[in-house]
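Chemist: Mind looking at a prediction? Sequence and model below.
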Amino acid sequence: MSGALAADDRGGIVVDDLAYEALVGATRNFLDALAVAVPDGPTADRLTADLAGWAGVLGGLAAEERDRLFGRRAGIASYGQAMTPAYRVLERDDAGLRGVARFGRYFHGGKGAAHGGAVPLLFDELFGRVINGEGRPPARTAYLHVDFRAVVRLDRDLGLRVWREREEGRKQYVRGEIRDGDVVCAEAEALFVALRPGQP
Ligand SMILES: CCCCCCCCCCCCCC(=O)SCCNC(=O)CCNC(=O)[C@H](O)C(C)(C)COP(=O)(O)OP(=O)(O)OC[C@H]1O[C@@H](n2cnc3c(N)ncnc32)[C@H](O)[C@@H]1OP(=O)(O)O
């Protein structure tokens, strides 16, 4: 990858978890605001220039995949990424996890409900976190099935549950659900296949 440095090449100065969580949270707030704003021309031009400036700054700080922070900080909300709806893991063990999620306005589909693609995205993320637990070989999603039982409303705390169902050699089956109070909004089931050595 061109321009990428190992973190060590910068003298080991890396933002701490709390500050990085705040940065990702601010990014989410920005995306939510962008999704509902109707800017005038000068505001859009100013924002475009500001964003281009920040893309340049961050581009100069690009790191190799193993050294990146985005989506790789287990101790902070959403593992420190803004690609999926926000979530926080409350309990976790090898069998699965429980947590809370919140779909911001950035994930709006229509009529106040979350986009249908954002729901499987969140499941894949959570399943990937559970399946790729410590000490296990990396595994990729082979299939992901989602049943949409009720609309997922925005800006509400939703309950999450993900659990390993069974394992057959390299094949690992996992299930999950998203609830709004007592209402099951979505249920999902997936197969993950553990990668063989050298498999991309
Ligand atoms: C890499 C992860 C890094 C860690 C990240 C940290 C967390 C990140 C969080 C986010 C992470 C998010 C995670 C992501 O998003 S991962 C990204 C999305 N997934 C992919 O890109 C995967 C693309 N596909 C592949 O690479 C291969 O097809 C895989 C690896 C899945 C299997 O190809 P491989 O050549 O290795 O194996 P095989 O073909 O011999 O099959 C083996 C067995 O599996 C059975 N089978 C296969 N497919 C299906 C199917 N569709 N339905 C039913 N069964 C299926 C098959 O019949 C056989 O069974 P059996 O005959 O043995 O009984």
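Modeler: Now that the structure is in, tell me what you want to look at.
Chemist: The host helix or strand of Val119: how far from the chain's middle?
Modeler: Element membership for Val119, per DSSP states H and E: helix 118-131. Between the centre of helix 118-131 and the centre of its chain there are 8 Å (Cα atoms, centre = their mean, to the nearest Å).
Chemist: Quick one: mean pLDDT for it?
Modeler: Averaging pLDDT along helix 118-131 yields 98.
Chemist: Contacts for that helix, please.
Modeler: If you take Cβ atoms under 8 Å, 6 or more residues apart in numbering as the criterion, helix 118-131 is touched by 79, 83-85, 87, 89, 92, 96-97, 99, 101, 103, 107, 109, 139, 141, 144, 146, 148, 152, 160, 162-164, 172, 174, 176, 178, 185-186, 188, 190, 192. (Glycine included, C-beta is placed from N, CA and C.)
Chemist: Kindly recompute the last result at 6 Å.
Modeler: 84-85, 96-97, 107, 139, 141, 144, 146, 162, 172, 174, 176, 186, 188, 190, 192 (Cβ atoms under 6 Å, 6 or more residues apart in numbering).
Chemist: For the chain, just list every one of the strands.
Modeler: 86-93, 96-102, 108-110, 113-114, 139-148, 158-168, 171-180, 183-194 (DSSP state E).
Chemist: Next, count neighbours for whatever residue of the chain ends up closest to the ligand.
Modeler: Closest residue of the chain to the ligand, Cβ to the nearest ligand atom: Gly128 (2.4 Å). For Gly128, the tally of surrounding residues (other Cβ atoms under 10 Å) stands at 19.
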